[in-house]
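>>> just need the structure, nothing else, for what follows:
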Amino acid sequence: METTLNVHADILEKINWAARSRRVSRSEMIIVLIKRIMDDASNSVRFGRMVRYQERNRPDMWHTVHVKLRMDDYEYLLDLRRLLKMSVSLILAYAVRKHLNEIMKKKATDNNQYKNYVLIKEIFNATVCWKLIWGYPPDMGKLLP
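Here you go, the predicted model:
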């Protein structure tokens, strides 16, 4: 699956450098960065707000970046956008600022987190509940209705 992100020139330069340094594709580096924000999402969930976008800047400072994603990675991006009330491009910029240095200090680029995606619908007393599961829990059968 492919999508596009609107990335500021300085953020793109850092992503490109990190991808070259780790000998991975730019798309892979972007996913590694965004997956780090998934760990932060539980503390940052925002309801009742509009989606925030990056600050405006001169048009020549922005680049449209094409990203190839697995289907579950695409769903993670949509979930993060919904939970954090931030555009995916803003989430990426935040991830670069917050986690890129830490990622580059480690020897491995990806620790294989969140390789599966499960969405479960349950109804309790006429109330619809959705469980978004990032990863594959060992006792998955216990989570199913």
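
>>> list the contacts of the residue nearest the centre of the chain.
Taking Cα atoms, centre = their mean, the centroid of the chain lies closest to I34, which sits 3.4 Å from it. I34 makes contact with Y76, L77, L80, V88, I91, L92, A95 under the criterion Cβ atoms under 8 Å, 6 or more residues apart in numbering. Quick note: C-beta positions are derived from backbone N, CA and C, even for glycine.

>>> one more time with 10 Å, if that's ok
5, 67, 69, 73, 76-77, 80, 88, 91-92, 94-96, 99, 114 (Cβ atoms under 10 Å, 6 or more residues apart in numbering).

>>> between those, which has the most around it?
When neighbours are counted as other Cβ atoms under 10 Å, the busiest of the contacts of I34 turns out to be L92, with 27 neighbours.

>>> figure out the helix or strand that that one lives in.
With secondary structure defined by DSSP states H and E, L92 is part of helix 88-105.

>>> how about D72?
If you go by DSSP H and E, D72 is part of helix 71-84.

>>> which parts of that helix are buried?
Using 16 or more other Cβ atoms under 10 Å as the test for burial, helix 71-84 gives D73, Y74, E75, Y76, L77, D79, L80, R81, L83, L84.

>>> isn't the second one up against E2?
I take that to be Y74. Yes - using Cβ atoms under 10 Å, Y74 is in contact with E2, at 9.2 Å.
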